[in-house]
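A.B. asks: fold the stuff below for me.
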Amino acid sequence: MDFSNETPIYLQIMNRLKSDIVTGKIKMGEKLMSTRELAVSLRVNPNTVQRVFKELENEGICFTKRGMGTYVTEDEATIALLKEQLANDLMMVFIDGMKKLNYSLVEIIEKVRSYGEVNK
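C.D. replies: Below is the predicted model:
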């Protein structure tokens, strides 16, 4: 994973895991890599991964079974809410970027509509 200097590494890892969960790359109820395994695979400090797991747990996206590891929630409503939050975040970035290019909301909607028709 290539990291950007603009966002803290732990947030980038969290967003990647969230995306993988929402898209089904990581399944509900699936055990995540251990802190050490994920830190080695991403070439980051284990404390960074520990923070990621703690934050995901605080958000209800995963839970820890003592001595067994960290698992993704099996609560479909939580995953659906996460998907909605990620979609909203993407929309906000997109719309803010388009507004900076002086597009009106009507023009943005038309641009999306025409793009969708061309790229079916």
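
A.B. asks: now Asn45, nearest residue through space, not along the chain?
C.D. replies: Nearest in space to Asn45, with sequence neighbours left out and distances taken as Cβ to Cβ, 6 or more residues apart in numbering, is Ala39 at 6.5 Å. C-beta coordinates here come from the backbone N, C-alpha and C atoms, glycine included.

A.B. asks: what residues does the helix or strand hosting Met98 touch?
C.D. replies: Using DSSP states H and E, Met98 sits in helix 76-100. Under the criterion Cβ atoms under 8 Å, 6 or more residues apart in numbering, residues 15, 18-19, 21-22, 28, 59-61, 73, 105, 107-108, 111 lie in contact with helix 76-100.

A.B. asks: closest to Thr35 among those?
C.D. replies: Nearest to Thr35, judged by Cβ to Cβ, of those is Ile61 at 15.9 Å.

A.B. asks: surely the closest one and Ile21 touch.
C.D. replies: Yes - using Cβ atoms under 8 Å, Ile61 is in contact with Ile21, at 6.7 Å.

A.B. asks: higher neighbour count, the two?
C.D. replies: Ranked by neighbour count (other Cβ atoms under 10 Å), Ile61 and Ile21 place Ile21 first, with 24 against 21.

A.B. asks: gap between that one and Phe3?
C.D. replies: The gap separating Ile21 from Phe3 is 20 Å, by Cβ to Cβ, to the nearest Å.
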